[in-house]
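In: Okay, predicted coordinates and the sequence, questions at the end:
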Amino acid sequence: MNKKVILTFPVDATDRPLTYELIRIYDIKINILKGEIQPGRTGSLLIEMDADELRIEQAIAFLNDNGVTVSPVSSKISYDETRCINCGNCASACFSHALTIEAPDWKLQFNPEKCIACKLCLKACPLKLFKIEFSDCTI
């Protein structure tokens, strides 16, 4: 099972290796998608966890017990296809390859399964056609 979550660390938890503990204790594969953590300040980490459902639930309980807020992420990208000029700027900025533009039609394609909600497409689009929505949280 894959699950994207945002971990919000309180000030006193930013200097502890909690993500390492998830790997060591709960045998969870972690893919860090985005992070903003500094010692002595609150921090946030967007991660994708890969393990069976029970281990993920146990890991989330462990994080909660250590003062970390865990928010599930349901990200959704949308763009105005009718105004898109298929310039490819967004596709060249998308390192996860969720946005692609290829022969033979040279039309923008979106694969939501690959999207990590990095927001680079928002900055890359010259027409500002992209929106990314998170349910219940932002990073």
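Out: Happy to help now that I have it. Since we're looking at a predicted model, the values are computed, not measured.

In: The closest residue to Gly35 other than its chain neighbours - how many residues pack around it?
Out: Closest residue in space to Gly35, ignoring its immediate chain neighbours: Leu45 at 4.5 Å, by CB to CB, 6 or more residues apart in numbering. For the C-beta atoms, the positions are set from N, CA and C on the backbone; glycine is no exception. For Leu45, the tally of surrounding residues (other CB atoms under 10 Å) stands at 21.

In: give me every residue that touches Leu45.
Out: Counting by CB atoms under 8 Å, 6 or more residues apart in numbering, Leu45 makes contact with 6-7, 9, 19, 32, 34-37.

In: Then Val11?
Out: Taking CB under 8 Å, 6+ apart as the contact definition, Val11 lies against 40-42.

In: now those as JSON lines including neighbour count?
Out: As requested, the contacts of Val11 are arranged in JSON lines below (neighbours: other CB atoms under 10 Å):
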{"residue": "Gly40", "neighbour count": "9"}
{"residue": "Arg41", "neighbour count": "11"}
{"residue": "Thr42", "neighbour count": "15"}
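
In: From those residues, which land in helices?
Out: Mapping these onto helices (DSSP state H) picks out no residues; all lie outside.

In: quick one on the thing from earlier: list phi and psi for the residue nearest to Gly35.
Out: Backbone torsions for Leu45, taken as degrees, to the nearest 10, come to phi -140, psi 120.

In: tell me the SS of the residue nearest the centre of the chain?
Out: Taking CA atoms, centre = their mean as the criterion, Ile116 is the residue nearest the geometric centre of the chain, at 4.1 Å. Classification of Ile116 using DSSP: H, G, I helix; E, B strand; the rest coil returns coil.
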